[in-house]
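Peer 1: With the sequence up front, the predicted model follows.
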Amino acid sequence: MGAFTKKILQQLETCEDMQDDTDCVQIAGDLLSRHTVRNFQSHFYPEVDREKVSAQEAQALKTALLNLYQRQPKNFARGTVLWALGKSHDVTLKDFFVQETHTLAEAVTEANGTLFQVLIALEGIGEPVFEETRSIDEIAINLEQARKYLAQYGIVIPW
């Protein structure tokens with residue numbers, strides 16, 4: 001096993017909170033790409049380009065990423081883990097990806113319903129929340145209207 005790959009595996013296995021540091025996951029994604037994509041070159045981590053990632057190392061990286069994903073709270077950091085796992089091009093992860101798509105789509109739908117109701121409540125107390133049409137079915141529009149409303153208070157929602 002390459003020393004750099006081993007170092008990244010150790011970081012993935014001991015990582016408790018990725019909220020502020022996603023480098024090790026991004027590097028793991030690049031290492032997986034190094035294994036799956038012929039002549040892959042990392043644009044951010046030159047150490048990756050010196051590694052030869054074996055099938056065994058790729059499997060260890062995927063396992064470490066899956067374990068890390070399960071340890072993370074539901075936050076942005078989990079998206080980085082999914083990105084890295086996607087770099088493996090591993091069809092055996094399809095069921096996992098389908099389940100996560102289902103879970104996350106349900107969560108977005110539920111969160112949108114809640115967001116829509118709080119926007120309605122703000123409108124009910126005279127706050128200028130809705131600039132466009134209002135509908136519980138318009139997830140992107142509801143989020144954008146919430147962002148614009150919150151921006152008035154200096155609250156910025158990323159993305």
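Peer 2: Structure received.
Peer 1: only C-alpha atoms for contact and neighbour calcs from this point on.
Peer 2: Fine.
Peer 1: for the helix or strand of the chain with the lowest mean pLDDT, packing partners?
Peer 2: When the helices and strands of the chain are compared on mean pLDDT, DSSP states H and E, helix 76-86 comes out lowest with a mean of 87. Where contact means 3 or more C-alpha pairs under 8 Å, 6 or more residues apart in numbering; DSSP states H and E, helix 76-86 is packed against helix 23-36, helix 55-71.
Peer 1: Below-threshold pLDDT in this structure: ranges please.
Peer 2: Applying pLDDT under 70 to the chain flags the ranges 17-21, 73-76.
Peer 1: Break it down into its domains, please.
Peer 2: 3-89, 101-151 (automatic domain parsing).
Peer 1: Among these, which comes closest to residue 159?
Peer 2: domain 101-151 (9.8 Å; C-alpha to C-alpha).
Peer 1: What distance do you get for residue 3 to residue 54?
Peer 2: Plainly put, residue 3 is 13 Å away from residue 54 if you go by C-alpha to C-alpha, to the nearest Å.
Peer 1: Looking at these two, which one has more neighbours?
Peer 2: residue 54 (16 against 9; other C-alpha atoms under 10 Å).
Peer 1: how many other residues sit next to the nearest residue to that one once chain neighbours are set aside?
Peer 2: Nearest residue to residue 54, sequence neighbours excluded (C-alpha to C-alpha, 6 or more residues apart in numbering): residue 35, at 6.7 Å. Neighbours of residue 35 under the rule other C-alpha under 10 Å: 21.
Peer 1: And residue 35, how close does it get to residue 7?
Peer 2: From residue 35 over to residue 7 (counting by C-alpha to C-alpha), the distance is 17 Å.
Peer 1: what do you get for residue 70?
Peer 2: Counting by C-alpha to C-alpha, the gap from residue 70 to residue 7 is 21 Å.
Peer 1: Please apply the same query to residue 146.
Peer 2: From residue 146 across to residue 7, the span is 42 Å (C-alpha to C-alpha).
Peer 1: Residue 95 now?
Peer 2: For residue 95 relative to residue 7 (C-alpha to C-alpha), the value is 29 Å.
Peer 1: still on that earlier bit, can you lay out the domains of the chain as TSV showing distance to residue 157?
Peer 2: Output for those, formatted as TSV (distance: least, C-alpha to C-alpha, whole Å):
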stretch	distance to residue 157
domain 3-89	12
domain 101-151	6
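Peer 1: Return the most buried member of these.
Peer 2: A comparison of these by mean neighbour count, using mean count of other C-alpha atoms under 10 Å, puts domain 3-89 on top with a mean of 17.
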